[in-house]
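> The following block contains a protein sequence and its predicted model.
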Amino acid sequence: MDPNSICRKTKRLAGKQAELCQLEPEIVQEVAKGTKLGVRECQYQFRFRRWNCTSHSKYFRSCSRAVRSYMRTECKCHGLSGSCTLRTCWRKMPHFREVGDRLLERFNGAFKVMGGNDGKTLIPVGDNIKPPDKQDLIYSADSPDFCSANRKTGSLGTRGRVCNSTAMDTSGCDLLCCGRGHRDETVVLEENCLCRFHWCCVVQCRKCSVRQELSLCI
């Protein structure tokens, strides 16, 4: 979708955001790319879970904060014979996979909480649980099972998902397919093979057909 279409269809933008959307189409394009990157990373991290991500933008605010939190400072020295008489430093974003890995860790250790009597504090549900800090993820209600597609909850369902017929964890067909069963299918994929490096500087590969056995949720 082009930036102008995005600006027209995004009704919640107002003031400086609406002005920026109209005057800086390059920024809008980068935001759209970032959203797609976030969805792909989320689907990778949750590829073995019933919830295989959603395109609802509210679920990626945790993500943007994590990128800022994990930014690091890198420096380069300048001077004669490698001396560091002058140093140039800059802030560098982490690899997006690193952000995804850390967010998944936070997700797996999320706290269930309920509101305190004062209306301000959050109390962990369960015994012997430390109070969550600013780095922890919290939730107040249990998630639906995400077995079926549901636009309201952002669930894509698990029908057609690839599962592991021999695994006993969340990637196994019994859990991932929600008891509906699975079917086995043979697919033929093309991938690069017999690659050779030619001086200079081209890599040429052939295409090879590979048969792969898949288990798919029904």
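Looks like it came in fine. The shown structure was predicted, so the numbers you read here are calculated from the model rather than taken from an experiment. Numbers count the residues shown, from 1 in each chain.
> Can you report how many residues lie near Cys21?
For Cys21, the neighbour count with other CB atoms under 10 Å is 19. No exception for glycine: its C-beta is placed from N, CA and C like everyone else's.
> which SSE is it in?
Element membership for Cys21, per DSSP states H and E: helix 16-23.
> Equivalent analysis for Glu213, please.
Per DSSP H and E, Glu213 falls inside strand 202-217.
> Partner strands of that strand and their direction?
When pairing is defined by DSSP bridges, strand 202-217 lines up against strand 162-163 (antiparallel), strand 182-198 (antiparallel).
> what residues does the helix or strand just after the first one touch?
Along the chain past strand 162-163, the next helix or strand (assigned with DSSP H and E) turns out to be helix 173-176. Residues from elsewhere that reach helix 173-176, judged by CB atoms under 8 Å, 6 or more residues apart in numbering: 48-50, 158, 161, 163-165, 167-170, 181-182, 215, 217.
> same thing but at 7 Å, please
For helix 173-176, contacts defined as CB atoms under 7 Å, 6 or more residues apart in numbering pick out 50, 158, 161, 163-165, 170, 182, 215, 217.
> same deal with stretch 101-119?
45, 62-63, 66, 70, 122-125, 129, 132, 136-140.
> what's the lowest-pLDDT member of the residues you listed?
When the contacts of stretch 101-119 are compared by pLDDT, Cys63 scores lowest at 59.
> other SSEs contacting the top helix by length along the chain?
Assignment by DSSP state H gives helix 25-45 as the longest helix of the chain. If contacts are counted by 3 or more CB pairs under 7 Å, 6 or more residues apart in numbering; DSSP states H and E, helix 25-45 sits against helix 3-9, helix 96-108.
> Mean pLDDT lowest where, among those?
Note on those: lowest mean pLDDT is at helix 3-9, with a mean of 62.
> Could you report the pLDDT at the most centrally placed residue in the chain?
With distances taken as CA atoms, centre = their mean, Cys42 lies nearest the centre of the chain, 2.3 Å away. Listed pLDDT for Cys42 reads 88.
> Contacts only, for it.
Cys42 sits in contact with Cys53, where contact means CB under 7 Å, 6+ apart.
> Domain parsing of this structure, as residue ranges.
Using automatic domain parsing, the domain ranges for the chain come out as 110-144, 158-218.
> Which of the ones you listed comes out lowest on mean pLDDT?
When I compare these, domain 110-144 is least confident, with a mean of 83.
> what's near enough to touch Trp51?
146, 155.
> mind checking how far it is from Gln29?
From Trp51 across to Gln29, the span is 29 Å (CB to CB, to the nearest Å).
> okay, now the nearest residue to Arg206 once chain neighbours are set aside: neighbour count?
Nearest-residue entry for Arg206: Leu194, 4.7 Å, with adjacent residues in sequence omitted and distances by CB to CB, 6 or more residues apart in numbering. By the criterion of other CB under 10 Å, Leu194 has 9 neighbours.
> And for Arg196?
9.
> Any idea how many residues pack against the residue nearest to it when sequence neighbours are not counted?
Leaving out its chain neighbours, the residue that sits closest to Arg196 by CB to CB, 6+ apart is Gln204, at 5.7 Å. As a burial measure, Gln204 scores 10 neighbours (other CB under 10 Å).
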